[in-house]
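Q: turn this into a structure:
(one chain, ligands or ions: 2)
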Amino acid sequence: MKFKEVILRHLKLELLHPFTTSFGTEYDRDFILVEVKSNDGISGWAESVAMLDPLYNEETLKTNWHILEDYLIPILLKNEIQHPDEISENLFTHIRGNYMAKAAIEGAVWDLYAKKQNKSLSGVLGGTKETIEVGVSIGIKNSIDSTIKVIEDRLQEGYKRFKLKIKPGWDIELIDEVRKVYPEIPLMADANSAYTLQDIDRLAALDDYDLMMIEQPLAYNDIIDHAELQSRVKTPICLDESIHSLEDARKALKLGSCKIINIKVGRVGGLTESRKIHDFCQENGIPLWCGGMLESGIGRAHNIAITSLPNFVLPGDTAASSLYWAEDIIEPEVTVENGTITVPTSPGIGFEPSLKKINKYTIYSKTFR
Ligand SMILES: O=C(O)CCC(=O)c1ccccc1C(=O)O
Ligand SMILES: [Mg+2]
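A: Ligands and ions are numbered 1, 2, ... in the order given. This next block holds a predicted model:
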């Protein structure tokens with residue numbers, strides 16, 4: 001494969017409902033859409049999941065634009081490859097970090113590669129599932145009652161797992177009240193690093209509520225304290241923020257820092273690395289699920305493809321487009337029926353990016369040749 005041009009677009013989509021986590025509230029989603037064009041005129045698409053501010057991790061939309069424009073795009077345009085694995089294994093190895101920037105361009109090449117093979121992205125990645133099960137991530141609200149109301153709505157819609165964002169002061173009482181109303185639902189909590197080991201009693205108190213897992217309770221870059229915490233609580237710990245690579249996953253399992261891993265394609269630098277972590281976790285009996293970053297339909301399509309691999313055994317965060325956006329930028333939009341999404345079988349990501357809608361939400365764009 002030889003590449004003719006790359007187009008970066010900065011899009012802004014308004015969220016239908018503000019989304020609050022322990023690190024802040026999102027009202028809109030600004031993101032970079034990457035389009036890679038081959039010499040024979042086929043386009044591959046992906047998005048960077050970096051946010052406007054460095055609150056979830058250190059990357060931002062602007063750092064991603066810089067790394068893409070000044071490093072990754074020039075490297076891609078200079079090189080010819082046979083397979084997308086060569087991008088993370090060869091072309092980008094000397095560029096440190098910047099996982100989300102790398103994943104954005106690698107993902108677009110994977111889509112392009114699949115389209116050239118006339119196969120679905122799921123197919124070229126080795127996906128085995130025809131449908132995937134999904135849950136929903138519920139942000140911090142101003143009351144427990146309104147949280148329960150949201151759970152009720154999502155339960156009616158068939159979602160398979162309910163993740164509540166927690167932080168100190170919005171945790172035990174919340175989970176206790178929710179469990180009183182819904183003793184049986186698959187329930188979990190995500191702290192986005194809002195606690196330290198000093199909060200161990202508070203976190204251990206959650207052992208009484210039969211949670212599927214607690215996601216990333218401690219620091220965003222920690223695997224040491226998480227190992228101590230996991231040895232002292234029954235509830236499985238799931239790592240999100242701390243895992244950027246197969247090496248990180250190997251070390252976390254060696255230390256006993258978690259029993260479950262959430263894969264976000266952006267956070268680990270792309271689909272090739274996601275698949276490596278998948279295979280390693282499968283061999284070691286560690287269940288996986290696919291996280292979400294409030295993606296547009298393009299990112300959602302990538303999440304659906306990776307989730308079709310067999311060891312994504314727990315429902316992920318890839319909910320329907322209509323829970324986030326008045327209109328999505330792909331056709332058809334992502335729909336969820338009975339808590340499941342049908343994995344597309346048409347070439348590439350299997351959803352058509354709508355240039356009309358993309359142009360409507362584009363703030364700025366630049367073409368590189
Ligand atoms: O609905 C989604 O896309 C997942 C929402 C979510 O939980 C999240 C959203 C933004 C940043 C981090 C996280 C997270 O999983 O920690
Ligand atoms: Mg998380």
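
Q: any chance you could map the strands in the stretch 51-200 of the chain?
A: With strands called from DSSP state E, counting those that start in this stretch, the stretch 51-200 of the chain shows them at 131-133, 136-138, 162-165, 187-190.

Q: show me how far the third one is from its chain's centre.
A: Between the mean C-alpha location of strand 162-165 and the chain-wide mean there is a distance of 15 Å, by CA atoms, centre = their mean, to the nearest Å.

Q: any buried residues in that strand, and which?
A: Phe162, Lys163, Leu164, Lys165 (16 or more other CB atoms under 10 Å). C-beta: built from backbone N, CA, C; applies to glycine.

Q: name the nearest of these relative to Leu355.
A: Nearest to Leu355 among these is Lys163, at 33.7 Å by CB to CB.

Q: count the residues that sit near the closest residue to that closest one other than its chain neighbours.
A: Spatial nearest neighbour of Lys163, chain neighbours left out: Ser137 (4.6 Å); criterion: CB to CB, 6 or more residues apart in numbering. Per other CB atoms under 10 Å, the neighbour tally for Ser137 reads 22.

Q: give the contact list for Ser137.
A: Residues near Ser137 by CB atoms under 8 Å, 6 or more residues apart in numbering: Lys163, Lys165, Asp190, Gly292, Asp317, Ala319.

Q: same list (the residues you listed) but as TSV, adding pLDDT.
A: TSV is the format used below for the contacts of Ser137 (pLDDT from 0 to 100):
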residue	pLDDT
Lys163	98
Lys165	98
Asp190	98
Gly292	98
Asp317	98
Ala319	98
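
Q: and the gap between the residue of the chain found nearest ligand 1 and Ile42?
A: Ranking the residues of the chain by distance to ligand 1 (CB to the nearest ligand atom) places Gly292 first, at 2.5 Å. Distance from Gly292 to Ile42, counting by CB to CB, to the nearest Å: 27 Å.

Q: same thing with Met293?
A: Counting by CB to CB, the separation of Met293 from Ile42 is 26 Å.

Q: looking at the two, which has the bigger crowd around it?
A: Met293 (21 against 17).

Q: residue ranges for the helices of this protein, please.
A: 61-67, 73-78, 85-86, 99-116, 121-125, 144-157, 172-181, 200-205, 224-232, 246-255, 271-283, 297-307, 355-361 (DSSP state H).

Q: does ligand 2 sit close to stretch 17-29?
A: No. Counting by CB under 5 Å from the ion, ligand 2 has no neighbours in stretch 17-29; the shortest distance is 8.0 Å.

Q: interface residues of the stretch 101-250 of the chain facing ligand 1?
A: Within the stretch 101-250 of the chain, the residues that sit near ligand 1 (CB under 6 Å from any ligand atom) are Ser137, Asp190, Asn192, Asp240.

Q: of the residues you listed - the most surrounded one?
A: Neighbour counts for those, by other CB under 10 Å, peak at Asp190, which reaches 26 neighbours.

Q: and the residue lying closest to that one once chain neighbours are set aside, what does it touch?
A: Leaving aside its sequence neighbours, Asp190 sits nearest to Glu215 (CB to CB, 6+ apart; 3.9 Å). Listed by CB under 8 Å, 6+ apart, the contact partners of Glu215 are Lys163, Met188, Ala189, Asp190, Ala191, Asn192, Ile237, Cys238, Leu239, Asp240, Asn262.

Q: which strand in this structure runs the most residues?
A: Ranked by residue count and defined by DSSP state E, the top strand of the chain is strand 3-21.

Q: quickly run through the sheet partners of that strand, with directions.
A: Applying DSSP bridges, strand 3-21 is found paired with strand 24-38 (antiparallel), strand 362-368 (antiparallel).

Q: tell me which of those lies nearest to Ile306.
A: With CB to CB as the measure, strand 24-38 is the member of the strands paired with strand 3-21 nearest Ile306 (16.9 Å).

Q: please consider this matter closed, and thank you.
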